[in-house]
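Q: Pasting a predicted model and its sequence here:
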Amino acid sequence: MRPFGTLVFVAFLVFLAWLFWPLLRPSVEQARRSGALLSAPAPSALPHPLPGRGLTDTWGGARSGGRKHEGIDIFAPRDTPIRATTEGIVLNVGPNTLGGRTVMLLGPGGQRHYYAHLERYPDLSEGDWVNAGDVVGYVGDSGNARGTPPHLHYGIYTAAGAINPYPLLRAGQK
């Protein structure tokens, strides 16, 4: 009788897995993609998030409160589409005090790509997969950039802290 009970239990588990697979599948897929991103090497070159716009290295410039600029500013007309510089998973879509409307992506090598001062967002949610070149926002002046010319603040963060995105973007233009 015991083998029959085990067989029924296993059949029940298989039935539950089949029943709930549509709910579990996105989580399984996201975990697989997250693992692949974390184990992939960080890129040595990135495409420009605002193709056709000039690049200036504004990294490290003085900011209010004794802060240093942890990214670069790329100026463009308001509502210019901002393109993802890498494939990745959306970690955050929402406001913060300094960046205003922001999007944060988890990219290869575990790097976090930060897009700030957005005017608005496309239809993005936490956990969404983004491909390089997909629109992740539109240029604005939200947050502490209110009243300045519209621009994208683009930053990259690693486990060790912020890194200058300028050399990576320049390398991507060659």
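A: Yep, it's here. Numbers count the residues shown, from 1 in each chain.

Q: For the most centrally placed residue in the chain, give me its contacts.
A: Closest to where the C-alpha atoms of the chain average out (C-alpha atoms, centre = their mean) is L105, at 1.2 Å. By C-beta atoms under 8 Å, 6 or more residues apart in numbering, L105 lies in contact with A84, T86, G88, I89, V90, L91, R112, H113, Y115, V130, V136. Glycine gets a C-beta too; all of them are placed from N, C-alpha and C.

Q: Quick check: T58 touching D73?
A: Yes: with contact defined as C-beta atoms under 8 Å, T58 counts as touching D73 (5.0 Å).

Q: So which of those two has more stuff around it?
A: Comparing T58 with D73 by other C-beta atoms under 10 Å, the one with more neighbours is D73, at 19 against 15.

Q: where does that one fall, phi/psi-wise?
A: Phi and psi for D73, reported as degrees, to the nearest 10, are phi -110, psi 130.

Q: can I assume it is in contact with H151?
A: Yes: contact status for D73 versus H151: in contact at 4.7 Å, counting by C-beta under 8 Å.

Q: So what's the residue count around T102?
A: Neighbours of T102 using other C-beta under 10 Å come to 22.

Q: tell me which element it falls in.
A: Assigned by DSSP states H and E, T102 belongs to strand 100-106.

Q: Which positions in the very next helix or strand once past that strand come out as buried?
A: Once strand 100-106 ends, the next helix or strand along the chain (criterion: DSSP H and E) is strand 112-120. Neighbour counts over strand 112-120 (16 or more other C-beta atoms under 10 Å) mark R112, H113, Y114, Y115, A116, H117, L118, E119 as buried.

Q: Pull the residues that contact the very next helix or strand once past strand 112-120.
A: Downstream of strand 112-120, the next assigned helix or strand under DSSP H and E is strand 129-130. The contact list for strand 129-130 (C-beta under 8 Å, 6+ apart) reads Q30, R33, A84, E87, G88, I89, V90, L105, L124, V136.

Q: Please list only the buried members of those residues.
A: R33, A84, E87, G88, I89, V90, L105, L124, V136.

Q: For the protein, which helix or strand comes out least confident on mean pLDDT?
A: helix 2-39 (a mean of 70; mean pLDDT, DSSP states H and E).
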